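Undergrad: How does the following fold in three dimensions:
(one chain, ligands or ions: 2)
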Amino acid sequence: MTKKVALITGVTGQDGSYLAEFLLEKGYEVHGIKRRASSLNTQRVDHIYEDPHIENARFKLHYGDLSDSSCLTRILSQVQPDEVYNLGAQSHVAVSFEAPEYTADVDGMGTLRLLEAIRFLGLEKKTRFYQASTSELYGLVQEIPQKETTPFHPRSPYAVAKMYAYWITVNYREAYGMYACNGILFNHESPRRGETFVTRKITRGLANIAQGLEKCLFMGNIDSLRDWGHAKDYVRMQWMMLQQDKADDFVIATGVQYSVRQFITWSAEHLGIKLRFEGCGVDEIGIVDAIEGDNAPALNVGDVVVRIDPRYFRPAEVETLLGDPSKAKAVLGWTPEITVQEMCEEMVAADLESARRHALLKKHGFDVSVSTER
Ligand code: NDP
Ligand code: GDR
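TA: Numbers count the residues shown, from 1 in each chain. Ligands and ions are numbered 1, 2, ... in the order given. This is a model prediction of the structure:
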């Protein structure tokens, strides 16, 4: 049997890296599109990198950008993929308010460019297409929990761009008979999550504070509610969606929701810190109430480790998201295997190890700077 060929945009991101690993394990030849950057941006896939000089290498990277239709067409023409996973995006909701036009171009038009390139090359009957759609489409929620039929009300330039991408994917399925699917994925995280998304900001920030590398975690709206899953479970689902007889759209979620404050509390607990929240609104603070074990040598009872900074509030917030994954369970037999609590523990452990390494180097006089850019 000839091996299947997949092309992943956003291969250097959280999901792209897990999906590439998953597809390589399944025997695929995997091609990924990486952006040119002034510093290396392939850390998440370095462990699966194969020297292109090796005969029969199964993991190949191509320079490209979703804003450049000529390079997308060239790569698609070379690769002739059986499956395209469009995971590339300016994926930060808060940043999309600061760079709305760029976000619209890459997240919205970028999807059209890929679909149109597939059609232009006459691949529309061969190539199956997965679009990374998002629970942000629900925005100002009209129904709890949210399912495939819940109306959309996007609340950010990111979500509006992703709404265009959602509908153009549906349109190419209906107009040209393409096998094109939307995965409406709720938040999913991992130790590979970008450092400025809320869960990773919390686990990394608290681990750094516990090791004396930072003083305080500055947060936005900690009352916000999210349905968090693990990226590993969610990329498995992305693949499953492209293996059906008929293309369709699915909500992927855990069906359980927690607050950002709760995620902070769990993360602190994994470091042996009991936190007490006092005050309210922008004056709320998180204070160390008790310390157990030796994971937080730099802290004392009474230290203020969490503060609210209005800079992290968004011009329009998505207050609550809770998904109903019944359709994915019934049609695809998918269920998430990793709970949010297990994921939080894994993320804290990974960030604590890294913080310990930095603290040790600092103790021995090496010049260590930890980026606190949020
Ligand atoms: P990341 O931000 O970790 O990864 C985004 C990827 O897109 C990176 O590889 C990035 O490259 C690449 N990228 C950014 N801009 C461009 C561009 N102009 N051209 C080509 N590639 C580009 O996101 P995730 O892995 O978390 O998410 C994957 C996809 O799923 C995204 O589309 C996101 O919007 C969507 N999504 C994510 C959810 C989540 O909770 N994680 C939930 C629902 C949807 P570089 O590494 O160089 O920055
Ligand atoms: P989100 O994820 O906007 O849901 O988008 P993020 O982790 O950025 O925010 C989740 C919630 O936490 C609140 N919050 C903060 N967020 C950040 N980043 N930093 C803070 O300091 C902070 N304090 C509170 C936010 O206001 C928000 O309510 C993610 C991305 O992966 C999208 O690409 C994806 O489509 C959606 O998830 C589903």
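Undergrad: okay, CA-based contacts and neighbour counts for the rest of this
TA: Will do.
Undergrad: quick one: Phe313 and Ile222 touch, right?
TA: No: the criterion here is C-alpha atoms under 8 Å, and Phe313 misses it with Ile222 at 9.7 Å.
Undergrad: In the lengthiest helix in the chain, which residues are buried?
TA: Identified as the longest helix of the chain according to DSSP state H is helix 340-363. By neighbour count on 16 or more other C-alpha atoms under 10 Å, the buried set for helix 340-363 is 340, 343-352, 355-356, 358-359.
Undergrad: what ranges do the helices span in the stretch 101-250 of the chain?
TA: 110-120, 157-176, 198-210, 231-241 (DSSP state H, counting those that start in this stretch).
Undergrad: Turn those into CSV, columns for mean neighbour count.
TA: Converted to CSV, these look like this (neighbours: other C-alpha atoms under 10 Å):
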stretch, mean neighbour count
helix 110-120, 21
helix 157-176, 20
helix 198-210, 25
helix 231-241, 21
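Undergrad: Distance to Ile287 and mean pLDDT for these - can I get that in TSV?
TA: Output for the helices of the stretch 101-250 of the chain, formatted as TSV (distance: least, C-alpha to C-alpha, whole Å; pLDDT from 0 to 100):
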stretch	distance to Ile287	mean pLDDT
helix 110-120	45	98
helix 157-176	34	98
helix 198-210	12	98
helix 231-241	31	98
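Undergrad: Could you point out which of those helices sits nearest Tyr28?
TA: Tyr28 lies closest to helix 231-241 among those, at 11.5 Å (C-alpha to C-alpha).
Undergrad: just checking, what packs against the helix or strand following the closest one?
TA: Tracing the chain C-terminally past helix 231-241 and defining elements by DSSP states H and E, one meets strand 250-252 next. Under the contact criterion of 3 or more C-alpha pairs under 8 Å, 6 or more residues apart in numbering; DSSP states H and E, strand 250-252 touches strand 180-185.
Undergrad: Now with 10 Å, please.
TA: Under the contact criterion of 3 or more C-alpha pairs under 10 Å, 6 or more residues apart in numbering; DSSP states H and E, strand 250-252 touches strand 128-134, strand 180-185, helix 231-241, helix 326-327.
Undergrad: what about Gln272, distance to Glu195?
TA: Quick fix: residue 272 reads Gly, not Gln. Shown here: Gly272 relative to Glu195, a distance of 22 Å by C-alpha to C-alpha, to the nearest Å.
Undergrad: so what's Asp283 closest to, chain neighbours aside?
TA: Residue nearest to Asp283 in three dimensions, not counting chain neighbours: Ile308, with 6.7 Å by C-alpha to C-alpha, 6 or more residues apart in numbering.
Undergrad: Now the nearest residue to Phe313 once chain neighbours are set aside, what are its backbone angles?
TA: With C-alpha to C-alpha, 6+ apart as the criterion, Phe313 has its nearest non-adjacent residue at 5.0 Å, and that residue is Gly220. Main-chain torsions, Gly220, degrees, to the nearest 10: phi -100, psi -130.
Undergrad: Touching, Gly220 and Glu319? I think so.
TA: No: contact criterion C-alpha atoms under 10 Å: Gly220 and Glu319 do not qualify, at 11.9 Å.
Undergrad: of those two, who's got more company?
TA: Gly220 (18 against 15; other C-alpha atoms under 10 Å).
Undergrad: how about low-confidence regions in the stretch 1-150 of the chain?
TA: 1 (pLDDT under 70).
Undergrad: On the three-state scheme, the residue in it that ligand 2 sits nearest to is what?
TA: Of the residues in the stretch 1-150 of the chain, the one nearest ligand 2 is Ser91, at a distance of 3.9 Å by C-alpha to the nearest ligand atom. The three-state label given to Ser91 by DSSP: H, G, I helix; E, B strand; the rest coil is coil.
Undergrad: got the residues of the stretch 151-300 of the chain near ligand 2?
TA: Residues of the stretch 151-300 of the chain found near ligand 2 (C-alpha under 6 Å from any ligand atom) are 186-187, 196-199, 219-222, 224.
Undergrad: let's see 8 Å
TA: For the stretch 151-300 of the chain, the residues found near ligand 2 under the criterion C-alpha under 8 Å from any ligand atom are 158-159, 185-188, 196-201, 218-226, 260.
Undergrad: hmm, stretch 42-57 in reach of ligand 1?
TA: Yes: Stretch 42-57 is in contact with ligand 1 by C-alpha under 8 Å from any ligand atom, via Thr42.
Undergrad: i'd like the first residue to be 167 from this point on
TA: That works, and once the first residue is 167, the last one we named lands at stretch 208-223.
Undergrad: and that stretch, how far apart are its ends?
TA: 17 Å.
Undergrad: Pull the residues that contact that stretch.
TA: Stretch 208-223 has contacts (C-alpha atoms under 10 Å, 6 or more residues apart in numbering) with 177-184, 186-187, 190, 195-196, 198, 200-201, 224-227, 358-359.
Undergrad: Now that stretch: buried residues?
TA: Buried-residue list, stretch 208-223, by 16+ other C-alpha under 10 Å: 208, 210-211, 216.
Undergrad: roughly how far is stretch 218-235 from the heart of the chain?
TA: 22 Å (C-alpha atoms, centre = their mean, to the nearest Å).
Undergrad: Could you work out the end-to-end span of that stretch for me?
TA: Start-to-end, stretch 218-235 (C-alpha to C-alpha) is 25 Å.
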